[in-house]
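*Asks:* here you go, sequence then predicted model.
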Amino acid sequence: TQLLEQSPQFLSIQEGENLTVYCNSSSVFSSLQWYRQEPGEGPVLLVTVVTGGEVKKLKRLTFQFGDARKDSSLHITAAQTGDTGLYLCAGNTGNQFYFGTGTSLTVIP
Amino acid sequence: NAGVTQTPKFQVLKTGQSMTLQCAQDMNHEYMSWYRQDPGMGLRLIHYSVGAGITDQGEVPNGYNVSRSTTEDFPLRLLSAAPSQTSVYFCASSYRGTGVSDGYTFGSGTRLTVV
């Protein structure tokens, strides 16, 4: 049973397009992180959101934490080829972190 | 700045063999954990530690042991390797693991194949 569901699982878009990735759960998290992972490497932390309804921006990436702290979204504006990778969300509850299965993004030049 | 260092990067084991995956961090993080990553399964927590001398089981602990004698090191031991343990293993550390977390710093992974 996967605690965090990500959608879509795969996404292939043209450079310059916008996209949104979703991370959903029935559980409440004290914090939620987004990571990007490239082939052969470990995930790299992009952002941590803590407060329900919180919105954080990282250049062309916008992250939102749901009001009930059960879900999150990642929006990329004007995608670039450098955005290609596996995007993972992770929820923190107590001493444990639970990861979603990831969204594999390919940006085509 | 080393961050989280994992060794080895690649390993092939025969069924029944034992081995230890090494993990070291130089950021004085209290919280460390081991994950395995399998296609379609995402990252699954094996064991974690909230500080030296304290360890606990995660989602998939069977077949693995850990110890935490120092803040810096958190080795993962495979007791008797099985083909089902073929996976990519990641060690990760965090400044704070309970309540609000700063998020993980990951190592670059160990790709293990059990034949």
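*Replies:* Structure received.

*Asks:* for the rest of this, base every contact and every neighbour count on C-alpha atoms.
*Replies:* OK.

*Asks:* name the element B:R77 belongs to?
*Replies:* With elements delineated by DSSP states H and E, B:R77 resides in strand B:76-78, which encompasses its position.

*Asks:* what comes into contact with the helix or strand following that strand?
*Replies:* Following the chain from strand B:76-78 toward its C-terminal end, the next helix or strand by DSSP H and E is strand B:87-94. Residues from elsewhere that reach strand B:87-94 (C-alpha atoms under 8 Å, 6 or more residues apart in numbering or on different chains): A:42, B:4, B:6, B:23, B:25, B:29-38, B:101-113.

*Asks:* returning to that earlier point: for the strand holding B:R77, packing partners?
*Replies:* If you count contacts as 3 or more C-alpha pairs under 8 Å, 6 or more residues apart in numbering or on different chains; DSSP states H and E, strand B:76-78 packs onto strand B:19-25, strand B:64-66.

*Asks:* quick one: strands adjacent to it?
*Replies:* Taking DSSP bridges as the criterion, strand B:76-78 sits next to strand B:19-25 (antiparallel), strand B:64-66 (antiparallel) in its sheet.

*Asks:* what does the longest one contact?
*Replies:* Meaning strand B:19-25. For strand B:19-25, the external contacting residues (C-alpha under 8 Å, 6+ apart) are B:2-8, B:72-79, B:91, B:93, B:107, B:110.

*Asks:* just the buried ones from the residues you listed?
*Replies:* By the neighbour-count criterion of 16 or more other C-alpha atoms under 10 Å in any protein chain shown, these include these buried positions: B:4-7, B:72-78, B:91, B:93, B:107, B:110.

*Asks:* having no further points to raise, I will conclude here.
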